[in-house]
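Novice: Okay, here's the prediction I keep looking at, along with the sequence it came from:
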Amino acid sequence: MPRDAIERHLVVPHDRAGWRLDRFLTWKVPRLSRTRAQKILRTQAFAPDGRKLGPNDIVRAGDVIVIYRPPMPEPPAPREFGVLYEDEDVVVVDKPAGLPVHPTARYHENTLTALLRGRYPDRVTLTHRLDRETSGIVVCARNRQAERRLKAQFESRTVTKRYLALVRGVVAQDLTTIDLPLELCTEGILRNRMKVAPPGRGLESRTLIEVASRGRTTTLVSAYPRTGRQHQIRVHLDAIGHPIVGDKLYGVDEALFLAFCDSGLDDEMHKTLGMQRHALHAHEVRLAHPRSGEPLEVRSALPDDIRQHFLDDQGALQ
């Protein structure tokens with residue numbers, strides 16, 4: 001492997017002991033075909049001691065599988081971000097859509113964490129996260145004490161967060177509380193996304209939805225998550241029949257999502273989805289300053305792409 005190859009460690013859980021390695025890899029990495037997994041394992045899989053592994057090897061609980069991936073150019077991503085508030089304890093960032101927060105299999109330098117290291121070499125730590133396509137507010141701490149206090153607020157749900165979302169269809173009710181428990185999909189191609197749980201299962205999940213303005217075929221809503229589940233707003237809006245414009249994972253059929261994973265967003269998909277990214281924006285956050293305890297309220301303006309799409313639908317943004 002080249003010196004700059006990307007290394008990933010996969011740990012085998014107890015309930016996957018006895019599986020063939022190729023089967024385990026396709027379970028661990030959703031949407032990876034068995035053929036592709038076997039090709040990877042023939043050349044890129046090793047035990048921690050350097051022993052070569054193969055597709056037919058049987059895995060045991062606790063085994064560590066080391067996968068090496070040759071380096072490749074990162075996909076393009078925005079590398080500029082705004083700063084909405086800054087002092088010796090806190091930095092509140094205005095993240096653009098398309099910029100990942102943390103490193104992934106595809107992104108390493110084109111991430112918010114990497115860009116923050118370049119601008120604040122001493123110390124900046126993210127206290128929560130946003131999806132790559134979601135724009136808006138990310139709160140960061142500049143020292144350990146601020147990090148502990150800010151994370152404690154997010155964990156205890158004392159932070160008030162307001163998102164703006166452009167959804168399909170005209171939402172009838174001005175104010176709606178969506179109270180639907182969520183759980184992780186564990187089967188099928190789309191496993192590892194969230195879904196509404198059957199009665200008696202899942203994690204408590206509540207979102208308050210308030211209509212901001214109605215267009216002809218879309219509605220601009222404010223979303224206030226009362227709990228902090230993964231993809232909560234996206235799943236809840238889809239569940240009430242108003243998926244977010246541009247969402248490729250929720251509110252579309254499986255075939256479109258798989259086509260996007262294989263070949264990216266083409267003109268036909270763009271026409272179906274309405275926007276290149278999902279129209280979700282972290283608009284406002286209210287919390288207690290980690291040093292003084294005084295209220296801190298920060299807002300990020302609605303981005304031009306969402307605004308323009310709604311203007312095109314409505315004619316004028318109220």
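Specialist: Alright, I've got the coordinates. Just so we're clear, the structure is a prediction, and the values are computed from it rather than from any experiment.

Novice: Name the residues that touch the helix or strand hosting residue 284?
Specialist: Element membership of residue 284 [criterion: DSSP states H and E] is strand 280-288. If you take Cβ atoms under 8 Å, 6 or more residues apart in numbering as the criterion, strand 280-288 is touched by 92, 95, 130-131, 133-139, 149-150, 153, 158-165, 222, 233-234, 244, 247, 294-300, 302-303, 306. All C-beta atoms are positioned from the backbone trio N, CA, C, and that covers glycine.

Novice: Setting aside sequence neighbours, what's the nearest residue to residue 137?
Specialist: Once flanking residues are discounted, residue 137 sits nearest to residue 282: 4.4 Å by Cβ to Cβ, 6 or more residues apart in numbering.

Novice: Repeat that for residue 24.
Specialist: residue 59 (5.2 Å).

Novice: confidence score at the one you found?
Specialist: Looking at residue 59, its pLDDT stands at 95.

Novice: Also residue 72?
Specialist: Here, the pLDDT recorded for residue 72 equals 70.

Novice: For residue 36, see how far away it is.
Specialist: Distance, residue 72 to residue 36, by Cβ to Cβ, to the nearest Å: 15 Å.

Novice: So for those two, which sits in the more crowded spot?
Specialist: Applying other Cβ atoms under 10 Å to residue 72 and residue 36 shows that residue 36 carries more neighbours, namely 14 against 8.

Novice: I figured residue 139 hits residue 92, correct?
Specialist: Yes. Using Cβ atoms under 8 Å, residue 139 is in contact with residue 92, at 5.5 Å.

Novice: and those two? which has more neighbours close in?
Specialist: With neighbours defined as other Cβ under 10 Å, residue 139 and residue 92 compare such that residue 139 has more, 26 against 20.

Novice: what's the burial count for the nearest residue to residue 62 once chain neighbours are set aside?
Specialist: Spatial nearest neighbour of residue 62, excluding adjacent residues (Cβ to Cβ, 6+ apart): residue 12 at 6.4 Å. Applying other Cβ under 10 Å, we find 19 residues neighbouring residue 12.
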